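Novice: Please find the sequence and the predicted model below.
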Amino acid sequence: MDQKKYYVYIITNRHHTVFYTGRTDDIKRRRDQHEGKWKQAFTKKYNISKLVYFEEVGTKDEAILAERRVKKLSRKNKIKLIESLNPQWNSLL
């Protein structure tokens, strides 16, 4: 049985102009990776490091499906999703 927790998340830059959606089994570690020296090309290029949304899902397969669902959302609907749980756009964790 799968005991791990999985998360789908959205990070953005300071001005909220670019979104990055991903999934992980360790949300704090992943946030630190985006904020720190391990930035990948996309997150480094757009200075994306502010975690503004995440949701816990039950299994790895559910995380994959949830990530796909969020990635398919329009920008307008991603903003609605973020603001439904984080209306002030605070950096989470």
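Specialist: Yep, that arrived. Fair warning: this is a prediction, and the values are worked out from it, not measured in the lab.

Novice: neighbouring contacts of the longest helix belonging to the chain?
Specialist: Using DSSP state H to define each element, the chain has its longest helix at helix 60-72. Identification of contacts with helix 60-72 by Cβ atoms under 8 Å, 6 or more residues apart in numbering yields 2, 4, 6-8, 10, 21-23, 25, 55, 57, 78, 81. Using the backbone N, CA and C atoms, a C-beta is placed for each residue, glycine as well.

Novice: could you dump it to CSV, C-alpha only?
Specialist: Output of helix 60-72 as CSV, limited to C-alpha atoms (Å, rounded to 0.1, in the frame of the first residue of the first chain):
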residue,chain,number,x,y,z
LYS,A,60,1.3,9.0,-7.2
ASP,A,61,-1.2,8.1,-9.9
GLU,A,62,-3.6,10.7,-8.5
ALA,A,63,-0.8,13.3,-8.4
ILE,A,64,0.0,12.6,-12.1
LEU,A,65,-3.7,13.1,-13.0
ALA,A,66,-4.1,16.2,-10.8
GLU,A,67,-1.0,17.7,-12.3
ARG,A,68,-2.3,17.2,-15.8
ARG,A,69,-5.7,18.7,-14.8
VAL,A,70,-4.1,21.8,-13.4
LYS,A,71,-1.7,22.2,-16.3
LYS,A,72,-4.6,22.2,-18.7
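
Novice: Check the offset of the helix or strand bottoming out on mean pLDDT in the chain from the chain's centre.
Specialist: Least confident helix or strand of the chain, by mean pLDDT, DSSP states H and E, is helix 41-45 with a mean of 80. Put simply, helix 41-45 sits 14 Å off its chain's centre (Cα atoms, centre = their mean, to the nearest Å).
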